[in-house]
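Asks: sequence unknown, structure follows:
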């Protein structure tokens with residue numbers, strides 16, 4: 001801790017925020033823990049920047065714009081303004097505080113390929129949202145990819161409008177694209193920074209390149225072959241030749257073909273959200289298990305079973321001592337996920353099954369051990385509707401739902417929703433009524449809620465459909481609707 005930071009601990013900025021423990025900073029800023037009176041914020045931090053700093057002009061305006069954005073995988077900005085400390089004018093921004101970040105993990109070991117994919121999904125999801133809103137992140141690097149509570153999040157205090165001057169001066173950093181020296185920023189710059197971060201995460205080494213010549217970066221020899229093409233397309237010196245975040249999302253899909261020739265820049269980013277949301281959800285399953293590596297070095301071990309609604313541990317569970325029959329989470333690759341299937345026609349809506357977000361769910365032993373904001377969701381077994389014969393009168397009797405489950409999402413995550421989040425999950429049911437496969441039909445705009453809907457769908461059970469009196473496999477589409485207060489589901493059989 002610097003001498004100047006020591007003197008500031010305990011002081012109050014703008015009459016609102018008391019400066020607590022000094023947690024980091026650089027020559028141009030300092031960050032302290034601070035008190036924030038809100039039930040949904042576990043820890044808050046406050047960043048101080050000298051008001052006469054070269055980048056101070058326009059900084060408050062950018063923070064205010066960024067505070068209006070809301071995404072489950074972005075750190076929330078809680079307040080900003082001007083103040084004075086020790087006779088010096090400062091700007092400040094208060095935000096959610098995350099103790100873990102990716103840089104601490106890769107300082108100890110490189111990520112496995114499946115772990116890198118699990119990290120990429122939420123980051124690409126958040127970047128697509130940022131770009132669609134007309135902003136550029138400008139600061140993608142391992143230190144700005146963090147785990148806050150039970151979510152992976154990227155920082156949001158450095159966002160700039162697309163096309164504006166970034167405000168940064170001096171020598172560009174290791175993750176900045178070639179064009180950063182001119183001060184202008186674009187979504188393509190975020191793609192370059194993401195490519196640098198990906199390579200470092202997988203190899204513990206940055207690509208080698210020179211700003212003074214036009215040679216493409218040389219990638220480390222130990223970069224896994226499956227990431228070579230993606231890294232090369234992210235790290236093209238010409239920003240017009242780089243992939244967009246939508247292209248990256250397409251590559252992350254299993255067996256995805258190479259993206260076609262790129263359209264113009266304006267078209268690419270208007271399509272980012274629609275192309276991305278079908279990709280990020282299936283690959284983010286084990287993201288928090290990776291960042292939990294840092295907690296092993298800071299917190300005592302805990303024990304507890306896994307959360308019922310996800311096949312990968314949460315941040316808290318990842319630090320638990322493994323049971324004898326289990327292997328440590330961090331030594332394993334991310335859990336496999338279901339492969340998406342081609343879209344089918346939207347089924348007609350039936351009567352929804354509703355559960356109020358305010359209605360408490362029974363706590364299981366897993367929830368108690370996990371120490372998470374909300375208990376796993378459990379749904380009651382509804383009285384099934386009477387089977388009906390198809391209109392074609394071919395001796396086909398529809399199946400029926402026997403047991404239903406709704407997505408388990410914390411109220412804190414729900415509060416980020418504006419309107420409704422809609423997710424369609426297609427499930428294959430075998431002759432015994434058991435779900436054997438679940439995949440996204442329409443994953444909706446959020447990887448966080450989509451993954452929880454997918455996990456809930458896998459737990460459903462059915463009375464099988466019948467054909468000529470014999471049980472047969474069937475397919476269903478489960479349409480989930482989630483808003484800040486309730487979760488609904490509309491099941492519809494689509495075959496036979």
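Replies: It's in. These numbers come from a predicted model, not from an experiment.

Asks: all contacts plus neighbour counts: C-alpha atoms, from now on.
Replies: Will do.

Asks: remind me, longest helix of this protein?
Replies: helix 113-132 (DSSP state H).

Asks: where exactly do the strands run in the stretch 51-200 of the chain?
Replies: 77-85, 88-96, 100-101, 135-136, 145-148, 151-154, 160-161 (DSSP state E, counting those that start in this stretch).

Asks: Reformat those strands as JSON lines; add distance to residue 113 and mean pLDDT.
Replies: Output for the strands of the stretch 51-200 of the chain, formatted as JSON lines (distance: least, Cα to Cα, whole Å; pLDDT from 0 to 100):
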{"stretch": "strand 77-85", "distance to residue 113": "32", "mean pLDDT": "92"}
{"stretch": "strand 88-96", "distance to residue 113": "29", "mean pLDDT": "93"}
{"stretch": "strand 100-101", "distance to residue 113": "18", "mean pLDDT": "89"}
{"stretch": "strand 135-136", "distance to residue 113": "27", "mean pLDDT": "96"}
{"stretch": "strand 145-148", "distance to residue 113": "17", "mean pLDDT": "90"}
{"stretch": "strand 151-154", "distance to residue 113": "18", "mean pLDDT": "92"}
{"stretch": "strand 160-161", "distance to residue 113": "31", "mean pLDDT": "90"}
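
Asks: residue contacts, residue 476?
Replies: Neighbour list for residue 476: 426, 427, 428, 429, 491, 492, 493, 494, 495 [criterion: Cα atoms under 8 Å, 6 or more residues apart in numbering].

Asks: which among those end up buried?
Replies: 426, 427, 428, 429, 491, 492, 493, 494 (16 or more other Cα atoms under 10 Å).

Asks: Leaving out chain neighbours, which residue sits closest to the second one?
Replies: In space, not counting the residues next to it along the chain, residue 427 is nearest to residue 438; the distance is 4.4 Å by Cα to Cα, 6 or more residues apart in numbering.

Asks: ok, that neighbour - contacts?
Replies: Contacts of residue 438 (Cα under 8 Å, 6+ apart): 338, 425, 426, 427, 428, 454, 457, 458.

Asks: So which of those sit within strands?
Replies: In strands, judged by DSSP state E, the following of the contacts of residue 438 are found: 425, 426, 427, 428.

Asks: Next one: the last one, what pLDDT does it get?
Replies: Looking at residue 428, its pLDDT is 91.

Asks: Could you give the secondary structure assignment for the nearest residue to it once chain neighbours are set aside?
Replies: Using Cα to Cα, 6+ apart and skipping residues adjacent in sequence, the residue nearest residue 428 is residue 475, 4.7 Å away. What DSSP: H, G, I helix; E, B strand; the rest coil gives for residue 475 is strand.

Asks: what's around residue 475, how many residues?
Replies: 20 (other Cα atoms under 10 Å).

Asks: How about residue 197?
Replies: Using other Cα under 10 Å, residue 197 is surrounded by 25 other residues.

Asks: Okay, the closest residue in space to it that isn't next to it in sequence and residue 101: tell me how far apart.
Replies: Of all residues not flanking residue 197 in the chain, residue 141 sits nearest, at 5.5 Å (Cα to Cα, 6+ apart). Residue 141 is 10 Å from residue 101, where distance means Cα to Cα, to the nearest Å.

Asks: quick one on the thing from earlier: include mean neighbour count and distance to residue 223 when you put the strands of the stretch 51-200 of the chain into JSON lines, please.
Replies: JSON lines is the format used below for these (neighbours: other Cα atoms under 10 Å; distance: least, Cα to Cα, whole Å):
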{"stretch": "strand 77-85", "mean neighbour count": "18", "distance to residue 223": "35"}
{"stretch": "strand 88-96", "mean neighbour count": "20", "distance to residue 223": "34"}
{"stretch": "strand 100-101", "mean neighbour count": "24", "distance to residue 223": "21"}
{"stretch": "strand 135-136", "mean neighbour count": "26", "distance to residue 223": "27"}
{"stretch": "strand 145-148", "mean neighbour count": "26", "distance to residue 223": "20"}
{"stretch": "strand 151-154", "mean neighbour count": "25", "distance to residue 223": "24"}
{"stretch": "strand 160-161", "mean neighbour count": "24", "distance to residue 223": "31"}
